[in-house]
Each structure stands twice: as structure tokens, then as C-alpha cells.
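1. Generate coordinates for the sequence data below:
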Amino acid sequence: MNDVNRCGWCQDNGMMQKYHDEEWGVLNLDDNYLFEMLILEMFQAGLSWECILNKREDFKKAYNNFDFYKVALYTKEKINELMNNKAIIRNKLKIKASINNAKIFINIKREFGSFHNYL
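-> Now for the predicted structure:
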């Protein structure tokens, strides 16, 4: 029997349970983590969070562990590589937006010291 009191939305999926127990509602001010959440939430638009969490590790691999400095430098070739990666969400507009968001993220970090300070 599990002693963890969980919300109903995560009962049937181990990844959702892990996210619920270890991340959901836990303050994390790390810029790399905030960028990861920004990108994952962006890709989640129109889909379920469960779908995104199930692909999270694949996104980490495809997106250089969510290194926003590297993502900001993605080229057309990298966009094509991502568009051909069946393990992630292959939406060209979202992919291009993720690259643009990385550039904006860097500018925010430069101006405010961290994304958390900006928020």
C-alpha cells in the first residue's frame, strides 16, 4: 500500500506519479529547469501533460538536455533533424518557437540575472 497522498490525475502512470511526488508544487528556481518547463509546457499546448512527460527523456536528448545556449543556436539542419525525430512532438511552429524562446530566455537572463528574477 502506498502512503503517498496523490491527486487523481496521476494515479495510473508511474511517470506522472514521480512528477507529482518530486516536482509538482516544488519550488525550483534553476534556470535550466525553468527553461525545460517552458519548452515542455509549450509543446504540451493542445496535448496532455501525460503525453509530454512520457516523451520528456526523448525531448532532453533531442534538445541537448534543454541547454538554452545550444538551443538558441539551432540551425535549419537541426530543425529538420527535430522534425524527423519520431520520439518527440514534431510540430514545426513549436520547434521554431522553442528556438526563439531560447534566444529570448538568454536576453532575459542577461538583463535580469536569471529567469526567476524576471518572473
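
2. Quick one: neighbours of residue 33, just the number.
-> 14 (other C-beta atoms under 10 Å). Every residue, glycine included, has its C-beta placed from N, CA and C.

3. Oops, could you answer that again for residue 96 instead?
-> For residue 96, the neighbour count with other C-beta under 10 Å is 13.

4. Just give the closest residue to it, not the sequence neighbours.
-> residue 79 (6.8 Å; C-beta to C-beta, 6 or more residues apart in numbering).

5. Tell me the backbone dihedrals of the one you found, please.
-> phi -60, psi -40 (degrees, to the nearest 10).

6. Look up how far residue 5 lies from the residue nearest to residue 98 when sequence neighbours are not counted.
-> Spatial nearest neighbour of residue 98, excluding adjacent residues (C-beta to C-beta, 6+ apart): residue 39 at 5.2 Å. Remark: distance between residue 39 and residue 5 (C-beta to C-beta, to the nearest Å) = 30 Å.

7. what about those two, which has more around it?
-> More crowded of residue 39 and residue 5, by other C-beta under 10 Å: residue 39, with 23 against 6.

8. Please pull up the helix or strand immediately following whichever strand or helix holds the more buried one.
-> Using DSSP states H and E, residue 39 falls within helix 31-44. Note on helix 31-44: by DSSP H and E, the next helix or strand toward the C-terminus is helix 49-54.

9. What are the contacting residues of that next one?
-> Applying C-beta atoms under 8 Å, 6 or more residues apart in numbering, the contact partners of helix 49-54 are 13, 15, 16, 19, 40, 43, 44, 59, 89.

10. Same check on stretch 75-94?
-> The set of residues external to stretch 75-94 that reach it, using C-beta under 8 Å, 6+ apart, is 42-43, 45, 47, 52, 55, 58-59, 61-62, 74, 95-96, 99.

11. cutoff 7 Å now
-> If you take C-beta atoms under 7 Å, 6 or more residues apart in numbering as the criterion, stretch 75-94 is touched by 42, 43, 55, 58, 59, 62, 95, 96.

12. any idea which of those residues is closest to residue 103?
-> The closest of the contacts of stretch 75-94 to residue 103 turns out to be residue 96 (C-beta to C-beta; 11.1 Å).

13. Thank you, goodbye.
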